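Student: Give me a model of this one.
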Amino acid sequence: MRLPCPDPNNPHAHHRTDLYGAFAFGCVILTCFMQFVVTNRIYGSVPQVTLTFVLGALYAALGIFNDAIALRYGMQWRDRVFALMAAIVTTLLFVSPLRGFFAIIALPLLSQAIFDYSTRRALAIGLYLYGVTIGVVGYYYGLRAVPEALVSYLAAFAFTTAFTVITKQALNARDREQQLRAELETANEKLRVYAAQAEELATTRERNRLAREIHDGVGHYLTVVKTQLDVASAVCATNPAQAKANVEKAAKLTAEALDDVRRSVGTLRADATRPPLPDALRQLAAHGEPVPAVAIEGAPRPLPPAVEHALYRAAQEGLTNIRKHARATSALVRLDFRDAQRVHLELSDNGVGRAAATAGGFGLTGIRERVELLGGSVSAANRLEGGFALRVEVPA
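Tutor: You can find the predicted model right below:
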């Protein structure tokens, strides 16, 4: 029996398979030559017996070290060694003084052919070895011995073929299992890397979300509070009542800012306490100067919480920029429901525009990120008639 040339990428399996194959091959050859020890008389000359032992030793050495030769010098040497072994077996069958059982010396070569070559080529080699074995019987014992030899040797060749095919299939299944395990381990390692990357990405997204929430929410309120306190500081000496009103409004806005922070940190879900978007925009517009006009076009309809939240934050950021940078005297917030597939929000003013006011920055970037996650778009540009316009549209 001869085991296949194993996978060089698996050195442990390679070592074990080499040992098993060498052991099986050597046992078959040793069994054949044991007849020289147990028989009472050997028919044959000294040169004939000597040649048999020399060829047998060479055949055994080639069979045992064939895999090592192929791995060291290349697979082309495998075919050369196999051809030499076939020639040696043919010679041994004819020159050996032993007959009958000695013919099993051809069986390891049949096993090797099944392992190393295609089915068609292995079948041709098997028929050749079978034919040589029967030919030796006919040559030495005459044609009358051929029918019995056909049956007896056919059983030996058939058993060797079946056993080798089953062994080959089992070894191939084992190799396939090892390959699948290696691929599974590689896939698991990639999955662990992807999971770590996904966790890092989720953390980064959450940080960006919190940054947007703080900027859009707290930043807006702090801007308005600062404006109210600046006005109170300016008029406190001449108009204490007005200063007190401004301070009270700043305090109220501070309380609203705290509520907004609690909502932002506590949950991503829609705030059930917030009024519908049109009313929320009107309340937002009333918190500072200039107080923009709020126009609602079309019939308001319920919006998904994420869409409503994104539009509210966009309006909040836009109004903060108008009050902080634009130096405008009037502004407009327009919410348009007329498109059945999308909602449009526009904030415009008559201020200095982009040249003097910063329309970009983190606030606009945060708006764009938030809206694009929903499949919407954001545009911001100076108006031809003067001032600046922020336009947001979101599928809804």
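Student: C-alpha only now, for contacts and for neighbours.
Tutor: OK.
Student: Could you say which helix or strand holds the residue nearest the centre of the chain?
Tutor: Nearest residue to the geometric centre of the chain (CA atoms, centre = their mean): residue 190, 5.7 Å. Taking DSSP states H and E as the criterion, the element that holds residue 190 is helix 146-213.
Student: Quick one: mean pLDDT over that helix.
Tutor: Mean pLDDT, computed over helix 146-213, is 84.
Student: So which elements touch it?
Tutor: helix 107-116, helix 119-141, helix 240-266, helix 361-372 (3 or more CA pairs under 8 Å, 6 or more residues apart in numbering; DSSP states H and E).
Student: Just put those helices in JSON lines and tack on distance to residue 284, mean neighbour count and mean pLDDT.
Tutor: Putting the helices and strands packed on helix 146-213 into JSON lines (distance: least, CA to CA, whole Å; neighbours: other CA atoms under 10 Å; pLDDT from 0 to 100) gives the following:
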{"stretch": "helix 107-116", "distance to residue 284": "82", "mean neighbour count": "23", "mean pLDDT": "87"}
{"stretch": "helix 119-141", "distance to residue 284": "83", "mean neighbour count": "17", "mean pLDDT": "90"}
{"stretch": "helix 240-266", "distance to residue 284": "11", "mean neighbour count": "16", "mean pLDDT": "73"}
{"stretch": "helix 361-372", "distance to residue 284": "17", "mean neighbour count": "19", "mean pLDDT": "78"}
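Student: May I see those organised as TSV, with distance to residue 47 added?
Tutor: Below are the helices and strands packed on helix 146-213 laid out as TSV (distance: least, CA to CA, whole Å):
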stretch	distance to residue 47
helix 107-116	25
helix 119-141	19
helix 240-266	99
helix 361-372	93
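Student: what's the closest of those helices to residue 72?
Tutor: When the helices and strands packed on helix 146-213 are compared by CA to CA, helix 107-116 sits nearest residue 72, at 16.7 Å.
Student: The closest one - contacts with which helices or strands?
Tutor: When contacts are defined as 3+ CA pairs under 8 Å, 6+ apart, helix 107-116 packs onto helix 119-141, helix 146-213.
Student: Which among the helices and strands packed on helix 146-213 is found nearest to residue 299?
Tutor: Across those, residue 299 has its closest neighbour in helix 361-372 (22.1 Å, CA to CA).
Student: Going along the chain from that closest one, find the next helix or strand for me.
Tutor: Sequence order places strand 377-382 as the next helix or strand after helix 361-372, per DSSP H and E.
Student: What strands line up against that following strand, and which way round?
Tutor: strand 388-395 (antiparallel) (DSSP bridges).
Student: Could I get the CA-only coordinates of stretch 169-186 as CSV?
Tutor: Provided in CSV are the C-alpha atoms of stretch 169-186 (Å, rounded to 0.1, in the frame of the first residue of the first chain):
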residue,chain,number,x,y,z
GLN,A,169,-11.1,9.3,-0.8
ALA,A,170,-10.7,9.2,3.0
LEU,A,171,-7.4,11.1,2.8
ASN,A,172,-8.9,13.6,0.3
ALA,A,173,-11.8,14.1,2.7
ARG,A,174,-9.4,14.7,5.6
ASP,A,175,-7.4,17.2,3.5
ARG,A,176,-10.5,19.0,2.5
GLU,A,177,-11.6,19.1,6.1
GLN,A,178,-8.3,20.6,7.2
GLN,A,179,-8.5,23.1,4.3
LEU,A,180,-12.0,24.1,5.4
ARG,A,181,-10.9,24.5,9.0
ALA,A,182,-8.0,26.7,7.9
GLU,A,183,-10.4,28.8,5.7
LEU,A,184,-12.8,29.0,8.6
GLU,A,185,-10.1,30.1,11.0
THR,A,186,-9.0,32.7,8.4
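Student: Can you tell me the SS state at the residue lying farthest from the centre of the chain?
Tutor: The C-alpha centroid of the chain is most remote from residue 238, which lies 71.4 Å away (CA atoms, centre = their mean). On the three-state scheme (DSSP: H, G, I helix; E, B strand; the rest coil), residue 238 is labelled coil.
Student: now it: how far from residue 231?
Tutor: Distance of residue 238 to residue 231, given as CA to CA, to the nearest Å: 12 Å.
Student: picking that back up, contacts only, for the residue farthest from the centre of the chain.
Tutor: With CA atoms under 8 Å, 6 or more residues apart in numbering as the criterion, no residue contacts residue 238.
Student: Residue 181 too?
Tutor: Counting by CA under 8 Å, 6+ apart, residue 181 makes contact with nothing.
Student: again with residue 284
Tutor: Residue 284 is in contact with residue 316, counting by CA under 8 Å, 6+ apart.
Student: Could you pull up the mean pLDDT of the helix or strand hosting it?
Tutor: Counting by DSSP H and E, the element that carries residue 284 is helix 277-285. For helix 277-285, mean pLDDT is 91.
Student: can you dump the C-alpha coordinates of that helix into CSV?
Tutor: What follows is helix 277-285, C-alpha atoms only, in CSV (Å, rounded to 0.1, in the frame of the first residue of the first chain):
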residue,chain,number,x,y,z
LEU,A,277,-42.4,70.5,13.6
PRO,A,278,-44.2,73.6,12.4
ASP,A,279,-45.0,74.7,16.0
ALA,A,280,-41.5,73.8,17.1
LEU,A,281,-40.0,76.0,14.4
ARG,A,282,-42.2,78.9,15.5
GLN,A,283,-41.0,78.5,19.1
LEU,A,284,-37.4,78.3,17.9
ALA,A,285,-37.8,81.5,15.8
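Student: Next, the buried residues of that helix.
Tutor: Neighbour counts over helix 277-285 (16 or more other CA atoms under 10 Å) mark 277-278, 281-282, 284-285 as buried.
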